[in-house]
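Peer 1: Return atomic coordinates for the entry below.
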Amino acid sequence: MGELLREGRDHIGDGTGASLRAGAPREDAAGGATGDAIPPHAYVIEVRVPELARLFNAIDPSPLYDRDLDADMEEFIVGWAREAPGGEPLALLVHVDRAALTPHEAGLVRDSIHAFFGNRAVRSRRQFRALLRLGRTSLMIGIAVLAGFIAIGDLIAWQAHGSRMAEVVRESLMIGGWVAMWRPLEIFLYEWWPIRAETRLLDRLTVMPVRIGNHEGDSAGRPVE
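Peer 2: Numbers count the residues shown, from 1 in each chain. Predicted structure coming up:
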């Protein structure tokens with residue numbers, strides 16, 4: 001994996017790994033940068049690789065632009081995208097140490113990155129729908145178990161005519177019924193929203209501008225103000 005730029009949001013070298021800046025990089029300073037224009041006030045995630053192929057999974061037998069992203073590259077981009085404020089657009093600036101790309105090649109890189117995160121978003125939506133189906137099934141089972149245990153406990157208490165042991169059994173069945181409700185409550189209270197948030201993040205990455213710069217023309221690798 002190529003070196004990942006550690007540029008600060010407010011100044012160079014604070015170790016945060018992403019930068020927030022207005023406007024697209026200048027063509028001369030970016031060493032013939034090409035690709036999408038970076039919108040004003042975008043949260044720019046910058047990475048540096050020795051060659052373009054290092055963006056992608058090296059063991060994937062597919063053609064270069066059909067490959068998945070390298071796992072470390074994906075983790076880096078997604079990790080810093082999570083740090084971006086929700087209302088700000090994302091953008092990716094890739095510094096390549098070797099020859100500059102043509103606009104067509106830059107477009108292929110952008111489409112490949114968008115397709116990768118688009119597939120991840122589709123997978124996340126499937127996971128979300130599967131979780132909701134599991135939650136609904138678990139809820140029906142939990143309600144049935146809770147109702148059944150309450151009915152059995154009441155029946156035991158009624159037949160035992162207020163026996164202390166019958167009350168203990170009744171309360172134990174009540175607790176067991178609520179334990180059966182634990183899983184659906186966990187799903188509907190806690191588990192669904194992190195997946196939903198991840199899907200929204202992946203959707204943002206799917207449409208972010210991608211700009212490629214030849215790092216030879218920008219030896220410091222710094223954002224252009």
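Peer 1: the helices in this structure, which residues?
Peer 2: 71-83, 103-160, 164-180, 182-186, 192-206 (DSSP state H).
Peer 1: so what does the shortest one touch, helix or strand wise?
Peer 2: Looking back up the chat, that one is helix 182-186. In terms of contacts (3 or more CB pairs under 8 Å, 6 or more residues apart in numbering; DSSP states H and E), helix 182-186 is packed against helix 103-160. No exception for glycine: its C-beta is placed from N, CA and C like everyone else's.
Peer 1: Compute the inter-axis angle for the helix it packs on and helix 71-83.
Peer 2: 70 degrees (axes from the mean of the first three to the mean of the last three CA atoms, to 10 degrees).
Peer 1: any idea how far the residue nearest in space to the middle of the chain lies from residue 204?
Peer 2: For the chain, the residue nearest the mean C-alpha position is residue 198 (4.2 Å; CA atoms, centre = their mean). Residue 198 sits 11 Å away from residue 204, going by CB to CB, to the nearest Å.
Peer 1: ok, now residue 152?
Peer 2: Residue 152 is 51 Å from residue 204, by CB to CB.
Peer 1: just residue 94 next, same as before
Peer 2: Taken as CB to CB, the span from residue 94 to residue 204 is 17 Å.
Peer 1: With residue 134 instead?
Peer 2: 27 Å.
Peer 1: Same question for residue 135.
Peer 2: Distance from residue 135 to residue 204, by CB to CB: 26 Å.
Peer 1: so how many other residues sit close to residue 161?
Peer 2: Neighbourhood size, residue 161 [other CB atoms under 10 Å]: 7.
Peer 1: do the same with residue 121
Peer 2: 19.
Peer 1: my guess is it meets residue 206, correct?
Peer 2: Yes: applying CB atoms under 8 Å, one finds residue 121 in contact with residue 206, separated by 5.8 Å.
Peer 1: so what's the closest residue to residue 85 other than its chain neighbours bridging to?
Peer 2: In space, residue 85 comes closest to residue 43 once its chain neighbours are excluded; the distance is 7.1 Å by CB to CB, 6 or more residues apart in numbering. Counting by DSSP bridges, residue 43 is bridged to residue 20, residue 90.
Peer 1: quick one: stretch 60-67 to chain centroid distance?
Peer 2: 22 Å (CA atoms, centre = their mean, to the nearest Å).
Peer 1: next one: stretch 80-100
Peer 2: That offset, for stretch 80-100, works out to 14 Å (CA atoms, centre = their mean).
Peer 1: and if you look at stretch 156-172?
Peer 2: Centre to centre, stretch against its chain (CA atoms, centre = their mean), the figure for stretch 156-172 is 51 Å.
Peer 1: And the contacts of that stretch?
Peer 2: Contact with stretch 156-172 is made by 153, 154, 173, as judged by CB atoms under 8 Å, 6 or more residues apart in numbering.
Peer 1: Weed out the non-buried ones from the residues you listed.
Peer 2: Buried by 16 or more other CB atoms under 10 Å: 153, 173, out of these.
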